[in-house]
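Asker: Can you look at this prediction? I've put the sequence above it.
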Amino acid sequence: MLSIKNLNKTYDNGVKALNDVNLEIPTGLFGLLGPNGAGKSSLMRTIATLQSADSGSITFDGIDVFADPMAIRKTLGYLPQDFNVYPRVTAIDLLDHLAVLKGINNTKERKEIVEGLLAHTNLYQHRLKSVSGYSGGMRQRFGIAQALLGDPKLLIVDEPTAGLDPEERNRFHNLLVSLGEERVVILSTHIVDDVAELCPNMAVLASGSILLQGNPQQLVSQL
Ligand code: ADP
Ligand code: ADP
């Protein structure tokens, strides 16, 4: 369970990106829906401890995120919006390298983990290609494989389906649903259908404030 209480953030330029945000996010796929500029990335970056808040608190499974950022980083997978910069090395070599950086030192264990993640994201048959030559959908799935190193219990994906064709989008959706079975997975997006189709729980963010929170059916009946 991820619990966000009274979170506020105003940037140096005076933009109030988060305005008293309160959210309770259980295990499963959670949709954070909002238009561009709503504050979604600000919220995701704050949960990922990449930027600070002015006030409020975030706890995940008992960990106080602001008091103990190292603890949350260990159990967090984060796929940011613009992560598409890859060197020209094969997918398997790149993922193996990232696994080393993640502290997975045992070569045999690492090989199992890396190959397992490539298989799980449907990239095993493309493992010897360079990620810089991947299609948009393949890159997003590689991003997920990368975010899953270290078996995180909290996974954040920010605007993941932008630029994907319908088939790639479907494939990505199925992957997210399976990941939500045993983790908190936050899907941040401006695409209503992504959330309505996939997420048992959701919230709507606009101008830094949570407008609605519940399951999609409940929310539609309130409109
Ligand atoms: P903080 O208050 O968290 O320190 P800053 O205002 O110092 O944030 O900006 C941090 C970074 O975000 C800077 O590198 C800046 O270029 C970038 N940035 C500034 N304005 C925007 C914006 N409107 N949208 C996205 N990024 C921005
Ligand atoms: P979203 O992800 O929903 O598009 P953001 O969190 O990126 O929303 O942005 C929320 C608001 O904060 C926007 O008005 C944006 O321009 C502004 N903003 C985002 N990052 C920064 C930053 N680092 N410095 C100043 N303003 C920012």
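Answerer: Right, received. Where do you want to start? Ligands and ions are numbered 1, 2, ... in the order given.

Asker: ok, the nearest residue to residue 5 once chain neighbours are set aside - how many residues close by?
Answerer: Nearest non-adjacent residue to residue 5, counting by Cβ to Cβ, 6 or more residues apart in numbering: residue 57, 4.9 Å away. To be clear about C-beta, it is placed using only N, CA and C from the backbone, and glycine gets the same treatment. Using other Cβ atoms under 10 Å, residue 57 is surrounded by 14 other residues.

Asker: Export the helix or strand hosting residue 57 to CSV, keeping only CA atoms.
Answerer: Remark: residue 57 resides in strand 55-60, with elements defined by DSSP states H and E. Coordinates of the C-alpha atoms in strand 55-60 are reproduced here as CSV (Å, rounded to 0.1, in the frame of the first residue of the first chain):
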residue,chain,number,x,y,z
SER,A,55,5.1,19.5,2.7
GLY,A,56,3.2,16.2,3.2
SER,A,57,4.2,12.6,3.6
ILE,A,58,4.5,9.4,1.5
THR,A,59,4.7,5.9,3.0
PHE,A,60,5.1,2.6,1.2
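
Asker: Can you tell me how far the residue nearest to residue 5 is from ligand 2?
Answerer: To ligand 2, residue 57 is 19 Å away according to Cβ to the nearest ligand atom, to the nearest Å.

Asker: residues in contact with that residue?
Answerer: 4-7, 64-66 (Cβ atoms under 8 Å, 6 or more residues apart in numbering).

Asker: Which pLDDT value goes with it?
Answerer: Model confidence at residue 57, given as pLDDT, is 98.

Asker: of the contacts of residue 57, buried ones?
Answerer: 4, 7, 65 (16 or more other Cβ atoms under 10 Å).

Asker: now, among those, which is nearest to residue 196?
Answerer: Of all those, residue 196 sits closest to residue 4, with 22.3 Å by Cβ to Cβ.
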